[in-house]
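Engineer: Would you be able to build a 3D model of this:
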Amino acid sequence: MSSTTSPFPDRIELTGEGLVLRDWTEGDVAAMPDLFDHPDTAYWTPLVSPFDEAAARARLDKARQLRAQGTTIMLAITTDGGAPLGEVMLRRAPEGTELGYAVGPAHRGQALAARAVRVMAAYAFEELDVESVILELEAENSASVAVATATGFSLLDVPLIEGEEKGRPYVLQTWGLNRP
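Structural biologist: All right, here's what the predicted structure looks like:
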């Protein structure tokens, strides 16, 4: 963590858009496999697969470690502060302040990702004082492209990001949203 990067608060709860974005808790570990152990999630995200209770515990531990390091915030997406429906993430990266998300299969089609992205972007602009946020996604991931366009992001004219995850090559586009 650079000396110019302020630490994140120990606890975060963000509200807006009919959502409560809150810290993951020990009580969420049992619910996380239902959210993240799905072929779409395995394909489009770096989350491990299969995503079982051990993976959930590791994810909770990683979320706490990355928060303490001041690099990443991972919050549960909820409508009322209760049961998690997915996750929204903010990561301080060399290429910019990146947002990411995953919504459980049973909870898709409710604009949860778009709403969570808007709330997290507002947090980045208002509380972290960033000038812009980015999304990195594959052009073929129509659901994520829909989230990007619905939330006002624009495709940036920057080099594509090529890599391999879980034995599958990928090419990511970078989408950006500037502070209002």
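
Engineer: In terms of pLDDT, where does residue 93 sit?
Structural biologist: The model reports residue 93 with a pLDDT of 88.

Engineer: Next, the contact list for residue 139, please.
Structural biologist: 145, 171, 173 (Cβ atoms under 8 Å, 6 or more residues apart in numbering). C-beta coordinates here come from the backbone N, C-alpha and C atoms, glycine included.

Engineer: Please repeat the previous calculation with a cut-off of 7 Å.
Structural biologist: By Cβ atoms under 7 Å, 6 or more residues apart in numbering, the contact set of residue 139 is 145, 173.

Engineer: Now do the contacts for residue 55.
Structural biologist: Residue 55 neighbours (Cβ under 7 Å, 6+ apart): residue 48.

Engineer: Could you report the separation of it from residue 35?
Structural biologist: Distance, residue 55 to residue 35, by Cβ to Cβ, to the nearest Å: 11 Å.

Engineer: likewise residue 169?
Structural biologist: 26 Å.

Engineer: And residue 106, by the same measure?
Structural biologist: Distance from residue 106 to residue 35, by Cβ to Cβ: 8 Å.

Engineer: Quick check: buried residues in the biggest helix by length in the chain?
Structural biologist: Secondary structure of the chain per DSSP state H: the longest helix is helix 53-69. In terms of neighbour count (16 or more other Cβ atoms under 10 Å), helix 53-69 has its buried residues at 55-56, 59-60, 63, 66-67.

Engineer: One more: stretch 7-15?
Structural biologist: 8, 12, 14.

Engineer: what does the longest strand anywhere in the chain rub up against?
Structural biologist: Longest strand of the chain, by residue count under DSSP state E: strand 168-178. The contact list for strand 168-178 (Cβ under 7 Å, 6+ apart) reads 121, 131-139, 148, 151-156, 158, 160-164.

Engineer: Counting only helices, which of those residues make the cut?
Structural biologist: 121, 148.

Engineer: before we move on, back to that, and the longest helix of the chain, average pLDDT?
Structural biologist: Helix 53-69 carries an average pLDDT of 96.

Engineer: Render the CA-only coordinates of that helix in PDB, please.
Structural biologist: Provided in PDB are the C-alpha atoms of helix 53-69 (Å, rounded to 0.1, in the frame of the first residue of the first chain):
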ATOM      1  CA  GLU A  53     -17.900 -24.000   1.800                       C
ATOM      2  CA  ALA A  54     -14.100 -24.100   2.000                       C
ATOM      3  CA  ALA A  55     -13.900 -21.700  -1.000                       C
ATOM      4  CA  ALA A  56     -16.500 -19.500   0.800                       C
ATOM      5  CA  ARG A  57     -14.300 -19.400   4.000                       C
ATOM      6  CA  ALA A  58     -11.200 -18.600   1.900                       C
ATOM      7  CA  ARG A  59     -13.200 -15.800   0.100                       C
ATOM      8  CA  LEU A  60     -14.200 -14.300   3.400                       C
ATOM      9  CA  ASP A  61     -10.600 -14.500   4.700                       C
ATOM     10  CA  LYS A  62      -9.300 -12.900   1.500                       C
ATOM     11  CA  ALA A  63     -11.900 -10.100   1.600                       C
ATOM     12  CA  ARG A  64     -10.700  -9.300   5.200                       C
ATOM     13  CA  GLN A  65      -7.000  -9.500   4.200                       C
ATOM     14  CA  LEU A  66      -7.400  -7.300   1.100                       C
ATOM     15  CA  ARG A  67      -9.500  -4.700   3.100                       C
ATOM     16  CA  ALA A  68      -6.800  -4.500   5.700                       C
ATOM     17  CA  GLN A  69      -4.100  -4.000   3.000                       C
END
